[in-house]
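> output the structure for:
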Amino acid sequence: MSIQAQAVIGALYGDEGKGLMVDRLAAATPGGVVVRSNGGAQAGHTVVDPAGRRHVFHHIGSGSFAGASTHFSRFFVAHPMLFLDELSALNERGAKPQISSDPRALITTPFDILINQAVELARGAARHGSCGLGFGETIERNLQPQFALSTKDLFRPDLHARLVSIRDSWVPGRLAALGIAALPEELAAVLADEITIAGFEADCAAYLDHVTLWPDRRLCERGAVIFEAAQGLCLDQNRGAFPHVTRSNTGLANIRAIAAEAGVTELDALYATRCYTTRHGAGPLKGEVPTLLGVNVVDPTNAPNEWQGSLRLAPLDLFTLREAIADDLTSDRSGIAVKAGLAVTCLDQTEDGFAVTDQEEVIRLDPAKAAPDIAGLVGLPLWAESWGPRRRDVKLYLEAAVASLTTQ
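The predicted model follows:
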């Protein structure tokens, strides 16, 4: 029996409209489950709810307003300190998603955040572009078994002792390895305060009240699967420009591993891109310009902040887009049949005369025909295009394939 799943993947540097696409697919897939395949709370996937209010999803799947449940895969990094606020905000808007987690999903502690922020502050103008939420440091700490902390470990009777060990042994050693001789005063106070651990333990207990342990291998029992990737292909730890990358696999690698474990046999991979390029944080950005001609950029989510600065802009470079997707598609598929298509977003922000590039060639596009033109030049079928921030603004050309999910 064939088991089909969908995946939404950012094709460049993140912020491509993944949340919008997941919301649209979830609305077309009653009873679906959105699977977070990488990343953690540093993700920021924006969805406009049915009442017109914006919500930025960090943990919980972006299909929640469409009634989808959420699953945290073994590659996801959960952040109990931020989780409850997000869940509360969703509940206030009428979304009450059922949430499950693979027992192997990692857990961010306050000490991972502390180290992350201390290192970025020490770098000054040479910051790597981290969000300051401890994601990469969580990955690093979990490479050491004696300091590892996954979701299943939150049930351990010695949880408190393990957190004390992380604070008293891991943190000093890690800071020394990073060349940090002394913490800034405010971070040192957090490290020394006993309330830090007590508060975190309370957050973990509350987290477990809302999250059911469920192994990835039984994922398809939860409903039709929609994988929601975080960040973008050009930020992949094995593909992006080091050190300006995320500590995860942002494309098919994690998705196919989860899918193979769950028994998925067919996967539709929807690669999302804006009709221009953005990057939030440090690192190279080909063709970067202060402003884009023919594009009225609207992005209330990526406001300037002390960790990532201001949103950066460039015309969409088709060569970069084409190469990133092609590279992702050549990875080992674990016997899973993969079909790929393109989603082009933010077309409502374009004017006559807007342009994309293909290496050094400038290509001017008619906004009304830009999405199929871009897809054709990239060599993929056009599966979706968006003309605004709401579900109703998305033209989905994958309806037949999506509908088939409910009949498998």
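
> average pLDDT for stretch 251-271?
Stretch 251-271 comes out with an average pLDDT of 96.

> got the CA positions of that stretch in CSV?
Extracted C-alpha coordinates of stretch 251-271, given in CSV (Å, rounded to 0.1, in the frame of the first residue of the first chain):
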residue,chain,number,x,y,z
GLY,A,251,15.7,20.2,3.3
LEU,A,252,14.8,16.6,2.4
ALA,A,253,17.5,14.8,4.6
ASN,A,254,15.5,14.9,7.8
ILE,A,255,12.2,14.6,6.1
ARG,A,256,13.1,11.4,4.2
ALA,A,257,14.6,9.8,7.4
ILE,A,258,11.4,10.5,9.3
ALA,A,259,9.3,9.4,6.3
ALA,A,260,11.2,6.1,5.9
GLU,A,261,10.8,5.3,9.6
ALA,A,262,7.1,6.0,9.4
GLY,A,263,6.5,3.9,6.3
VAL,A,264,5.8,6.8,3.8
THR,A,265,6.4,5.7,0.2
GLU,A,266,5.6,8.8,-1.8
LEU,A,267,6.5,12.4,-1.1
ASP,A,268,5.4,15.7,-2.7
ALA,A,269,8.1,18.3,-1.9
LEU,A,270,6.8,21.9,-2.3
TYR,A,271,9.8,24.3,-2.5
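
> got the buried residues for it?
Neighbour counts over stretch 251-271 (16 or more other Cβ atoms under 10 Å) mark 251-262, 264, 266-271 as buried. C-beta coordinates here come from the backbone N, C-alpha and C atoms, glycine included.

> cool, and stretch 193-200?
Going by neighbour count (16+ other Cβ under 10 Å), the buried part of stretch 193-200 is 196-197, 200.

> so what touches stretch 186-197?
Stretch 186-197 is contacted from outside by 110-111, 114, 117-118, 160, 163-164, 167, 171, 182-183, using Cβ atoms under 8 Å, 6 or more residues apart in numbering.

> which of these are buried?
Using 16+ other Cβ under 10 Å, the buried ones in the contacts of stretch 186-197 are 110-111, 114, 117-118, 163, 167, 171, 183.

> pLDDT score for Ala188?
pLDDT, Ala188: 83.

> cool, and the one 10 residues further on?
For Ala198, the model assigns a pLDDT of 96.

> and for Asp352, the neighbour number?
Neighbour count for Asp352, taken as other Cβ atoms under 10 Å: 10.

> go on, Val356?
Val356, neighbours per other Cβ under 10 Å, totals 22.

> same thing with the one 10 residues further on?
The burial metric for Asp366, expressed as a neighbour count using other Cβ under 10 Å, is 11.

> what's the closest non-adjacent residue to it?
Spatially, and ignoring its direct neighbours in sequence, Asp366 is nearest to Asp352 (7.2 Å; Cβ to Cβ, 6 or more residues apart in numbering).

> close enough to count as contact, Ser165 and Gln146?
Yes. Counting by Cβ atoms under 8 Å, Gln146 is a contact partner of Ser165 at 7.2 Å.

> if you count surrounding residues, which of these two has more?
More neighbours surround Ser165 than the other of Ser165 and Gln146, with 14 against 9 (other Cβ under 10 Å).
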